[in-house]
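No sequence on hand, only this structure:
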């Protein structure tokens, strides 16, 4: 880790800026995503040149992908880059201030929404890391709904719980508990299903699901 931190510090400012922005997305990121995070700090041409240098230095690898990082993106074709070493990504992420990290995750969530990202849980996770958990709640609800429809009952329960931990209250909390109840019933966990259904009914309004 210390070696990667020193390697990071030896890079010029634009390279460090790019790696820090990329680290917001994790081990892999899109060129267009980094450009969105950097805003006016770097032009598209400068970013391409900096990324080419980082690839030549064997700090990043790149490839062309038609699909998005998770499943589908509105970006038809974009360069996807990966940190060659996970420790370098960790060092770049650790070098961000809390304020920059929060801003980066908020911008990443907004960019994912704008580009048509379908992984609602990914968007929700970025909002949580941006320290705005209330903005994550509708996406955790969406993620739980999609997981339930896909018959991934464990994921449905976990996603709904993340929404509740993020602060879902009232009818929204009731809707999340209802989905957890349904998921548990399909998983034959009857006691959990009944318990969650009771809470859902107490929080739900007449005529709701």
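Received, thanks. As the structure is a computational prediction, the values presented were derived from the model and not from experiment.

So what's the residue count around residue 186?
12 (other C-beta atoms under 10 Å). Yep, even glycine has a C-beta here, placed from its N, CA and C like the rest.

For it, give me its contacts.
The contact partners of residue 186, by C-beta atoms under 8 Å, 6 or more residues apart in numbering, come to 151, 153.

let's see 7 Å
residue 153 (C-beta atoms under 7 Å, 6 or more residues apart in numbering).

and what of residue 204?
With contacts defined as C-beta under 7 Å, 6+ apart, residue 204 is in contact with 171, 174.

next structured bit after the helix or strand bottoming out on mean pLDDT in the chain?
Within the chain, no helix or strand scores below strand 60-65, which has a mean of 74 by mean pLDDT, DSSP states H and E. Moving toward the C-terminus from strand 60-65, the next helix or strand (DSSP states H and E) is strand 78-83.

what does the helix or strand that that following strand is followed by contact?
Next helix or strand after strand 78-83 toward the C-terminus (DSSP H and E): helix 86-94. By C-beta under 7 Å, 6+ apart, the residues outside helix 86-94 that reach it are 1, 4, 5, 7, 8, 19, 20, 23, 27, 59, 83.

any idea of the mean pLDDT for helix 86-94?
Averaged across helix 86-94, the pLDDT comes to 96.

Tell me what angle it forms with strand 78-83.
100 degrees (axes from the mean of the first three to the mean of the last three C-alpha atoms, to 10 degrees).

Which parts of helix 86-94 count as buried, going by neighbours?
Under the neighbour-count criterion of 16 or more other C-beta atoms under 10 Å, helix 86-94 has 87, 88, 89, 90, 91, 92, 93 buried.

repeat for stretch 114-123
115, 117, 119, 120, 121, 122, 123.

gap between the two ends of that stretch?
Start-to-end span of stretch 114-123 (C-alpha to C-alpha, to the nearest Å) is 11 Å.

Run the chain-centre distance for that stretch.
In terms of C-alpha atoms, centre = their mean, to the nearest Å, the centre of stretch 114-123 is found 8 Å from the chain centre.

for stretch 123-141, same thing?
9 Å.

So what touches it?
102, 105-106, 108-109, 112-113, 117, 120, 143, 159-160, 162-163, 166-168, 172, 175-176.

hmm, back to that, mind putting the contacts of helix 86-94 into JSON lines with pLDDT, secondary structure and neighbour count?
As requested, the contacts of helix 86-94 are exported to JSON lines (pLDDT from 0 to 100; DSSP: H, G, I helix; E, B strand; the rest coil; neighbours: other C-beta atoms under 10 Å):
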{"residue": "1", "pLDDT": "70", "secondary structure": "coil", "neighbour count": "10"}
{"residue": "4", "pLDDT": "86", "secondary structure": "helix", "neighbour count": "19"}
{"residue": "5", "pLDDT": "87", "secondary structure": "helix", "neighbour count": "16"}
{"residue": "7", "pLDDT": "90", "secondary structure": "helix", "neighbour count": "15"}
{"residue": "8", "pLDDT": "93", "secondary structure": "helix", "neighbour count": "19"}
{"residue": "19", "pLDDT": "97", "secondary structure": "helix", "neighbour count": "25"}
{"residue": "20", "pLDDT": "97", "secondary structure": "helix", "neighbour count": "23"}
{"residue": "23", "pLDDT": "98", "secondary structure": "helix", "neighbour count": "23"}
{"residue": "27", "pLDDT": "95", "secondary structure": "coil", "neighbour count": "16"}
{"residue": "59", "pLDDT": "95", "secondary structure": "coil", "neighbour count": "22"}
{"residue": "83", "pLDDT": "96", "secondary structure": "strand", "neighbour count": "24"}
